[in-house]
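Engineer: Based on what follows, work out the 3D shape:
(chains A, B, C and D)
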Protein chains: 2
Amino acid sequence: MNLSERKKGILSAVVELYVKTAEPVGSKAVVEALGSALSSATVRSEMSELESMGLLEQPHTSAGRIPTSPGYRVYVNELMRNQSISNDDAIVVNNALDGKLITRPYMLDEVGHLTSRLTKYPAYAMAGVTGMMSIARFDFINVDSYTFIIVALLNNDTVKNKLVHLTTPYNPAILPKLSAIFNASFTGIPENKITASLINATERAVGDTGGIVAIIAGFVIELLVEVKALGARVSGAVNLLDHPEYKDVRKAQQIIRYLSDTNELKKLPAPLETGEVKITIGSENLANELKDSSVVAVKYDAGGDTQGLIGIIGPTRMDYSKIASHLSYIAQGLSLLLSGAGAYHAGLYANADKPRDEDFNKEHIHAGHTKNNVGDDDFGED
Amino acid sequence: MNLSERKKGILSAVVELYVKTAEPVGSKAVVEALGSALSSATVRSEMSELESMGLLEQPHTSAGRIPTSPGYRVYVNELMRNQSISNDDAIVVNNALDGKLITRPYMLDEVGHLTSRLTKYPAYAMAGVTGMMSIARFDFINVDSYTFIIVALLNNDTVKNKLVHLTTPYNPAILPKLSAIFNASFTGIPENKITASLINATERAVGDTGGIVAIIAGFVIELLVEVKALGARVSGAVNLLDHPEYKDVRKAQQIIRYLSDTNELKKLPAPLETGEVKITIGSENLANELKDSSVVAVKYDAGGDTQGLIGIIGPTRMDYSKIASHLSYIAQGLSLLLSGAGAYHAGLYANADKPRDEDFNKEHIHAGHTKNNVGDDDFGED
DNA sequence: TTTAGCACTCTCGAGCGTCGAGTGCTAAGA
DNA sequence: TCTTAGCACTCGACGCTCGAGAGTGCTAAA
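Structural biologist: Residues are numbered from 1 along each chain as shown, chains lettered A, B, ... in the order given. Model prediction:
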């Protein structure tokens, strides 16, 4: 957009004042903010032109002006100064990421909470595997003559397990055979290659004993599907109510309901690259529910084939620069923490609630990094 | 409370009309509702007495009456007719519980969603282990010379695992030794018995190789703590905004903020017995935030030492009978599903998104019931 | 091109009267 | 003693007017 310097200054001033005060901005306020020697009348005529360019609008005659979505867009693309996260906020993020986060299973929740706490907006966090998932290795552990455990190592270094209780006793001697066959036929293949004929063939090869092969195959399919699924979490939706834009409760309800639909979340605008911040402003959103809201999202690298996304949703009146800096910083921290070397420095086991004595902790942290796969029980909670 | 039959009728009418309309109830409306031959003047004087007994109150002179917390209490204890869940609602619950639920890790979420969807109130779901947790059995699986998997079977039949990457190679021959020692010294003991001296002794016995024993011990402590922890989830908090009681957004915010604090959730009134419905009305709540709200909660049996709780929170103006019937029904369903035999009938593997062909599924369902321990990866999401 | 001046528009809140719902009281009737 | 018709009274909700204040667009002069 080709704007005179003066128009740029005025547009910036309007955006920044409006973000701060939530009140339509008048020509006089702009003059003050700019510390300019111009008169308000001049600014008025400039603002009038900015309005006819579609960058500003008036809620009603004789009110000040507020930025339109295109107005914000020009501001974000051309005028906004990138700010970096404040020290205090950086400390909040560091504390949250250091140690505690990575050891907990409900990481998406933690990330979401952190993000919404920091930004004061509803936040969403997603993570999913981009590549094909397969199983790298099977092990079977005999517990008793009715019970065994399946342990599967996935190609992204996570481990899944399942305890199987049979109603009729089985011969544990079958386990090595199962192991050989499953490691030969079921490793390295994606979930959609596990067909009835493969299962039947395997059953014949093992000489099936009451559906054990089918149970294992079912487990394999289940976990491959589940591991690939994009998990999504929303936190701090209530923060919406803090903003005057949602004084009309129905608007807030509409957005919160929208956010609670995981399928809709997945359709939200997402950045292409890790680390990139994607800002989608008001009318730029495809979803009707979000025509008055903005979405800021950033992608992070979670190691292996796994990528994560964090984002916030708020009114278009938003300090985009600050929010972007927050999200960027969190994403950077997460990428560092989750992809390879980061995990080591983050101090696995270095948080207070695990080690029983100091020595035990410090002494052995060099032992290596570990990937935490404490599994869920039936409650999805540990 | 010793009330004349007439007073009982009037109190019931006031409660029921108020629940339905959210408007203060006048004497004329009561007469109509009762279909009584009494005049409104008579009802007025009765209502006046009910007010002086503390069961009704007037928002302002010349308004109708609304029930007080004690008024609701008398109604709930003595006057309310227990209704049973409607057919339609029962079908909703059955569909939600049948198959889908049990196979998913995020069960508390599912339960919470179901409950809030059904009741139209914010719902919370918790689950936790009541007894002492310990590990029943250890297995170690060698992957390569830097990597092994710890598999631990807990005393409640859940399986947990962890993949350990070492920075220096180790000798896989150590694994049987580790297995023997951990199965001898670390099984059957609670997390607080795992002391530095036990770990040191074990390290000496194994001839430790770069902190492996400490890593395993850390894992054990971590998972015992985590498994015992009471998980809590809130769903459908937005539903609060539907009720006129929370037209003032700050009230809704206050409650939603309150609900988002897991620690506070744990302090909510809970029933003592499985299946029992606990209703806590308005001022009966200890938390100040809930003085104008009611909590209805029910406990269910999740098999083994595990118990779960579901509850809803809403304004005191609430159809207690209906809500209680909903919660009861869900709790019954869950108990059936999760404790023993229920799991079998619920049709594990019987949902559509897993089996690749029908035969595979139906043919083998008799093979036994399985306990699903598909573990979390670092993302807390599968 | 800029600006002072001015008429104009629109929102917001205060103040005020009306309306209607519902009450409490009283006195008469059963 | 209980019930009821009648009536005066109270109070919130609603709608109306009006003035204040903010901000505009236009015009004419610098």
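
Engineer: and the residue of chain A found nearest DNA strand D, what does it touch?
Structural biologist: Here the residue of chain A nearest DNA strand D is A:G26; by Cβ to the nearest atom of the strand that distance is 2.9 Å. (Each C-beta comes from the backbone N, C-alpha and C, glycine too.) Applying Cβ atoms under 8 Å, 6 or more residues apart in numbering or on different chains to A:G26 gives the contacts A:S40, A:G64, A:R65.

Engineer: Looking at neighbours, which among those is most surrounded?
Structural biologist: With neighbours defined as other Cβ atoms under 10 Å in any protein chain shown, the most crowded of the contacts of A:G26 is A:R65; it has 26 neighbours.

Engineer: my guess is that one meets A:E57, correct?
Structural biologist: Yes - counting by Cβ atoms under 8 Å, A:E57 is a contact partner of A:R65 at 6.6 Å.

Engineer: which residues do these two both contact?
Structural biologist: Joint contacts of A:R65 and A:E57 (Cβ under 8 Å, 6+ apart) are A:E51.

Engineer: Flag every buried residue along stretch A:76-84.
Structural biologist: A:V76, A:L79, A:M80 (16 or more other Cβ atoms under 10 Å in any protein chain shown).

Engineer: how many other residues sit next to the residue lying closest to A:P122 once chain neighbours are set aside?
Structural biologist: In this structure, A:P122 finds its nearest non-sequential neighbour in A:A237, 4.5 Å apart by Cβ to Cβ, 6 or more residues apart in numbering or on different chains. When neighbours are counted by other Cβ under 10 Å, A:A237 registers 23.

Engineer: before we move on, what about A:G282?
Structural biologist: 22.

Engineer: So it sits against A:E289, correct?
Structural biologist: No - the criterion here is Cβ under 8 Å, and A:G282 misses it with A:E289 at 11.9 Å.

Engineer: ok now the host helix or strand of A:E46, how far from the chain's centre?
Structural biologist: Using DSSP states H and E, A:E46 maps to helix A:40-52. Here the centre of helix A:40-52 is set off from its chain's centre by 41 Å, with Cα atoms, centre = their mean, to the nearest Å.

Engineer: who's in contact with that helix?
Structural biologist: A:6-7, A:10-11, A:14, A:26-28, A:30-31, A:36, A:56-58, A:65, A:71.

Engineer: make it 7 Å
Structural biologist: A:R6, A:K7, A:I10, A:L11, A:S27, A:K28, A:V30, A:V31, A:L56, A:E57, A:Q58, A:R65 (Cβ atoms under 7 Å, 6 or more residues apart in numbering or on different chains).

Engineer: which ones are touching the fourth one?
Structural biologist: Translated: A:L11. Here A:L11 is in contact with A:L3, A:L50, A:L55, A:G71, A:V74, A:Y75, A:L79 (criterion: Cβ under 7 Å, 6+ apart).

Engineer: Same question for the fifth one.
Structural biologist: Listed by Cβ under 7 Å, 6+ apart, the contact set of A:S27 reads A:S40, A:V43, A:R44, A:M47.

Engineer: so A:A125 bridges to which residues?
Structural biologist: A:R233, A:I310 (DSSP bridges).

Engineer: Neighbours of it, how many?
Structural biologist: If we define neighbours as other Cβ under 10 Å, then A:A125 has 30 of them.

Engineer: do the same with the one 5 residues further on
Structural biologist: A total of 11 residues lie near A:T130 under the criterion other Cβ under 10 Å.

Engineer: Turn the buried residues of stretch A:76-84 into JSON lines, columns for distance to DNA strand D, pLDDT and secondary structure.
Structural biologist: As requested, the buried residues of stretch A:76-84 are exported to JSON lines (distance: Cβ to the nearest atom of the strand, whole Å; pLDDT from 0 to 100; DSSP: H, G, I helix; E, B strand; the rest coil):
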{"residue": "A:V76", "distance to DNA strand D": "22", "pLDDT": "97", "secondary structure": "helix"}
{"residue": "A:L79", "distance to DNA strand D": "19", "pLDDT": "95", "secondary structure": "helix"}
{"residue": "A:M80", "distance to DNA strand D": "22", "pLDDT": "94", "secondary structure": "coil"}
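
Engineer: now, which of these sits nearest DNA strand C?
Structural biologist: So of the buried residues of stretch A:76-84, ranked by how close each gets to DNA strand C (Cβ to the nearest atom of the strand), first place is A:L79, at 20.1 Å.

Engineer: Check whether that closest one really touches A:I10, as I assumed.
Structural biologist: No - using Cβ atoms under 7 Å as the test, A:L79 is too far from A:I10 to be in contact (10.5 Å).

Engineer: Doesn't A:Y121 lie inside a helix?
Structural biologist: No - applying DSSP: H, G, I helix; E, B strand; the rest coil, one finds A:Y121 to be coil, outside a helix.

Engineer: Strands along the stretch 1-150 of chain A, start to end?
Structural biologist: Secondary structure of the stretch 1-150 of chain A (DSSP state E, counting those that start in this stretch): strands located at A:56-57, A:66-67, A:123-129, A:135-144, A:147-154.

Engineer: between these, which gets nearest to B:K299?
Structural biologist: Closest to B:K299 of the strands of the stretch 1-150 of chain A, according to Cβ to Cβ: strand A:147-154, at 28.7 Å.

Engineer: close to chain B, is that closest one?
Structural biologist: Yes - residues of strand A:147-154 contacting chain B under Cβ under 7 Å from any Cβ of the partner chain: A:I149, A:V151, A:L153.

Engineer: what's near enough to touch the second one?
Structural biologist: Contact analysis of A:V151 by Cβ under 7 Å, 6+ apart lists A:D139, A:I141, A:V159, A:N161, B:I141, B:I149, B:V151, B:N161.

Engineer: Give me the spatial nearest neighbour of it, chain neighbours excluded.
Structural biologist: The nearest residue in space to A:V151 (Cβ to Cβ, 6+ apart) is A:D139, at 4.3 Å.

Engineer: what's around the one you found, how many residues?
Structural biologist: 22.

Engineer: ok, it touching B:I141?
Structural biologist: Yes - with contact defined as Cβ under 7 Å, A:D139 counts as touching B:I141 (4.8 Å).

Engineer: what's the burial count for the closest residue to A:G236 other than its chain neighbours?
Structural biologist: Nearest non-adjacent residue to A:G236, counting by Cβ to Cβ, 6+ apart: A:S116, 2.8 Å away. For A:S116, the count of nearby residues is 24 (other Cβ under 10 Å).

Engineer: how close does A:S116 sit to DNA strand C?
Structural biologist: 29 Å (Cβ to the nearest atom of the strand, to the nearest Å).

Engineer: sorry, back to before: how about the helix holding A:E46: buried residues?
Structural biologist: A:V43, A:R44, A:E46, A:M47, A:L50.

Engineer: how about TSV for the residues you listed, with pLDDT added?
Structural biologist: As requested, the buried residues of helix A:40-52 are exported to TSV (pLDDT from 0 to 100):
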residue	pLDDT
A:V43	94
A:R44	94
A:E46	94
A:M47	94
A:L50	95
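
Engineer: which ones are touching A:Q58?
Structural biologist: A:E51, A:R65.

Engineer: what's the pLDDT at it?
Structural biologist: For A:Q58, the model assigns a pLDDT of 93.

Engineer: Burial check on the closest residue in space to A:Y72 that isn't next to it in sequence, number of neighbours?
Structural biologist: Spatial nearest neighbour of A:Y72, excluding adjacent residues (Cβ to Cβ, 6+ apart): A:I281 at 4.7 Å. With neighbours defined by other Cβ under 10 Å, the count for A:I281 comes to 23.
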